[in-house]
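Visitor: After the sequence you'll find the predicted model.
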Amino acid sequence: MPTTEVTIDARLFHRRARGLVNHWKKSNGSDESFQNVSSLLVVLGNMTDEDNMYQKTTALQIWLFGYELTQTLMLFTPDTLHVVTGGNKAKILESLKTWEGPQFPIEIHARTKDEAHNEEIFQKIVEIITKHGDRVGVFAKDTQTGGFAAAWEAAMGKSQKPIERVDMSSGVAEVFAIKDDEELRSTKMATKLSSLLMKNYFIEEMSQIIDEERKITHEKFAEKTEDVLLDERMFKQLKFPADAAAGNPEWCYTPIIQSGGDYDLKTSAVSNGKELHAGTIICSLGVRYKSYCSNIGRTFLIDPNKTQEKNYNFLLDVQRKILDTMKEGVLIKDVYSRAMDFIRNRRPDLEKKFVKNLGFGTGLEFRESNYLLNGKNTRELQRDMIFNLAVGFQDIENPKATDEKSKKYSLLVIDTIRITTEAPQILTFCDTSFDDISWTFQDPAEEEEEPVKKESPSNQRAAKSAVLNTKFRSEQEEASKDQARKEHQKMLAEQKHSEGLERYGDGGSLKKDNQKSVFRKFESYKRESALPKEVSSLRIIVDQRNDTLVLPIYGLAVPFHISTLQKVTKTDEGEFFYLRLNFITPGQPGKKDDTPFDDPNANFVRALSFRSADGARMSEIYNQILELKKSAVKKESERKEMADIVEQDKLIETKGKRPPRLPDVFARPGLDGKRPGELEIHSNGLRYVSPLRNENKIDILFNNIRHLFFQPCDGELIVLIHCQLKNPIMIGKKKTEHVQFYREASDAQFDETGNRRRKYVYGDEDELASEQEERKRRANLNKEFKQFGEKITEISENRVEVDVPFRDLAFNGVPFRTNVLLKPTQDCLVHLSEAPFLVVTLADVEIVHLERVQFGLKNFDMVFTFKDYFQPPIHINTIPMSQLDNVKDWLDSMDIVFYEGPVNLNWGPIMKTIQEDPAEFYKEGGWSFLAIESDAEESEESASEFEASGSDFDESSSESSYASDASMDDGSEEDDEDEESGEDWDALEEKAKRADDKKYGSSKREADSDSDDDRKKKRKR
């Protein structure tokens, strides 16, 4: 491969090389996965055999470099990677040394045509191995061929010290198992391509073959399916993403198609030469994208009976049970054992038919044997692992078989899933409900024998078309998608309810930690001598310095801290003026019972009154007390506001070299001045430095960053990097948990108002050039900020990862007072373009409620409630109704439970009810009260819409789906008659059809079917 065509991602290489070595050091005990090896050896010879496609040797090279490097040796020691390879490949690898971020040391030994020189290199590698120890880790099952591998084996044989080779496959598999963001993106694309191939090609082609009664063998059908992926012209027809070809998609294996009673549910199965049988058809296929594998499998039933339907629905129940079990921290063997227990309790007759394992881990290798999902594997599931989950029953007896090939059948459902902290994420998408995978072909002979069945709606549809209720036609895709979303939401709601019962099963009210009442002692004076000198006059003294009132009581000066004063009033009666002081005491009317006191049973002074004939003096004291009280309230509010301020650790500055910098950026909140500053990356955080004074700076530590966002300037006026903090910090005199660094996308000298360029602009050519310069400048800005964000991720060692908003999924809404564009990201919903900022962390969301969802309205509202029930719900108002389906799809894809209702709810009392007794709340159904309200509204809405469609007047006058109810005021008898006449049309039509069926029989229906151009499909005979 020419050097110019190959570029290696240095950031990924160094990060993954460090990760591999760190895991090796942690798991290098005698009983651990790396088995106390002193170095890791990886050798790849010539690639001449297709069997090498899934070797760990090539997988490790692709994982590190992105390419397979033949005739290459890699030796990992605890502190260095040694690479022996040819001259051209050596030049490519040299670029890894120029990476500016944290590096893993690499030494490259270039081979030449001089055999003596090459032997010296191999001898040097052998010496490095023996220097570190006598146990070297290798991939024992991988075999290498060619002169390079033979020369290395010869050099190993000449070693003066014996070298023991130990299999390190298990240890490397642990490193491969947990996928990083780049690997997850490739895996998601692979699963998307597999799903689209199944949905848009195989299902359509298979249904057409069965419908037209064409004959084709499994092997021929598999080859035909395989050819589709090899033809890029088919990508558009299959609805592949535009960038699908860039990742070099290829098959993980030749598609497996089985039918006719001969089934093999193992991954090693192949399509045989028998013809496709219209009974039970099983298809599994998998696509690799950027070398990352995926897999999907479905069972399709033709003319199924009730027993097959029951068994298939039970298979889906088993899959749901397994998915509920597969969470972070669960042992693999427990997943399989719980599935077996579920089958043993519900359907013991199918226990022996169940598959021996539930699949395996997948990634760069299609089948990772160390992560086999069986009853013996003691490994633990961890977040971001990818599994090929295969659930099936093999060779089930069919007592109602219509032919010899249908006496035995198998059922199989395969999906690629991602492990998370809660329910796993299903990456493949293709409908699995019974209605979606079943077809019924009506036999005319059966119609004559069982004419009663013609009255059922399903059989009436079957008489009109050869295919019953097939939802794979383009006009029914939306309905199928809606149904799948509802089923997924139902599953999520059940999981959420069970989690709530488990979490709050003990009962009792919740108490927020930072809202616990704490008694605060106020000490005005430490000793009597500290009292003001004026107290000797036994007059009222307002001590501003100590926030205290000194009051004369029975000849003594008694201090009262201003915080104990509730209110002060001044009145005048005749010649005298009265000053009344009310103090805070336990059991006070209108006061909360949880007001903290040191000893509530002690004696308290509730009120004091003073009388004086000096009105000016009393007014002066009154005003001083009011000012002191106002100042004390202000101090207390500031204290509460600063209560959550956590002092950060000190920033460790990078020494010995210039830190990575992003120049000419503004900060929000801003420092003094309006000039841009520089953002620097140091060892443990970021520093923004003002150009005016170096002491004006903002320090943000990596351990205090909750989310880091990069928002490009596409469609925006600025490009920015935004930090949401875990704990607020002080910038100047402002407390903030959002810090943003941005640069304007438009340059002042290229402004449309002219100025510096006005005299040079003459015509359209100059304007076109200006637009091109603007696009180029925006692209450079995006690249600069994106690379800076990646450097933050790299230097923070992945403690802070950059999240990018998806503008394609954006929708408008009003989170505060203005209508803004809200953009989903991988983990959040954000608005970052202008203050006030909005960041909703989806992991903290309990449920979402869509309000004002009803017919006739142009907008709806969305409410986020949080798992922390003391956190106020966030309202986003005035979302266009045209975005409703998009919002639902997005929430469903993020595994967030959502409900919808016709009106806005008062969330204050709802959240207070949950806080008081969450256990009782979940025992009474939890959030299901929202679903009940939604279902009731949906039924009313559908009825009213039907009524409105029957009258032009009703349609024009109605403002919502309930308007038809308001039009029923002219008399109940007339309304009843209208309603009956409206229903009689359908009733009369059905009666006429039944009368025709009785009079003419099936021959008229067949003639009508032949005469209708739209009904070209014939009944299967």
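Guide: Structure received. Predicted, not measured: the structure shown is a model, and the values here were computed from it.
Visitor: Flag the shaky bits of the stretch 501-650 of the chain, pLDDT-wise.
Guide: Residues of the stretch 501-650 of the chain meeting the criterion pLDDT under 70: 506-521, 587-600, 641-646.
Visitor: change it to 50
Guide: For the stretch 501-650 of the chain, the stretches flagged by pLDDT under 50 are 513-517, 519, 591-594.
Visitor: State the distance from the most centrally placed residue in the chain to residue 888.
Guide: In the chain, the centroid-proximal residue (C-alpha atoms, centre = their mean) is residue 894; its distance is 4.6 Å. According to C-beta to C-beta, to the nearest Å, residue 894 and residue 888 sit 11 Å apart. Heads up, the C-betas are built off the backbone N, CA and C, glycines and all.
Visitor: From the centre of this structure, point out the most distant residue.
Guide: In the chain, by C-alpha atoms, centre = their mean, residue 575 is the one farthest from centre (75.5 Å).
Visitor: Assess the claim that residue 330 and residue 378 are in contact.
Guide: No - the criterion here is C-beta atoms under 8 Å, and residue 330 misses it with residue 378 at 11.5 Å.
Visitor: Among the two, which residue is more densely surrounded?
Guide: Shown here are residue 330 and residue 378; by other C-beta atoms under 10 Å, residue 330 has more neighbours (15 against 8).
Visitor: Excluding chain neighbours, what is closest to that one?
Guide: residue 381 (5.1 Å; C-beta to C-beta, 6 or more residues apart in numbering).
Visitor: Count the residues that sit near the one you found.
Guide: Counted with other C-beta under 10 Å, residue 381 comes out at 23.
Visitor: Leaving out chain neighbours, which residue sits closest to residue 696?
Guide: Nearest residue to residue 696, sequence neighbours excluded (C-beta to C-beta, 6+ apart): residue 690, at 3.7 Å.
Visitor: Rounded mean pLDDT for the helix or strand hosting residue 889, please.
Guide: Under the criterion of DSSP states H and E, residue 889 resides in helix 884-893. The predicted model assigns helix 884-893 a mean pLDDT of 92.
Visitor: Pull the distance from it to the chain's centre.
Guide: Chain-centre distance of helix 884-893: 13 Å, with C-alpha atoms, centre = their mean, to the nearest Å.
Visitor: and residue 28, which of the three is it?
Guide: coil (DSSP: H, G, I helix; E, B strand; the rest coil).
Visitor: Distance check, it against residue 382.
Guide: Residue 28 is 19 Å from residue 382, by C-beta to C-beta.
Visitor: Those two: which is more packed in?
Guide: Shown here are residue 28 and residue 382; by other C-beta under 10 Å, residue 28 has more neighbours (18 against 13).
Visitor: Next, that one: phi, psi?
Guide: Main-chain torsions, residue 28, degrees, to the nearest 10: phi -110, psi 20.
Visitor: That one contacts residue 37, doesn't it?
Guide: Yes - Residue 28 lies in contact with residue 37 (C-beta under 8 Å); the separation is 6.8 Å.
Visitor: Using CSV, write out the CA atom coordinates for the helix holding residue 889.
Guide: Extracted in CSV, the C-alpha atoms of helix 884-893 (Å, rounded to 0.1, in the frame of the first residue of the first chain):
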residue,chain,number,x,y,z
LEU,A,884,-43.7,15.3,18.2
ASP,A,885,-42.8,12.1,16.4
ASN,A,886,-39.1,13.2,16.2
VAL,A,887,-39.1,13.9,20.0
LYS,A,888,-40.7,10.6,20.7
ASP,A,889,-38.2,8.7,18.5
TRP,A,890,-35.3,10.4,20.2
LEU,A,891,-36.6,9.7,23.7
ASP,A,892,-37.3,6.1,22.9
SER,A,893,-33.8,5.6,21.3
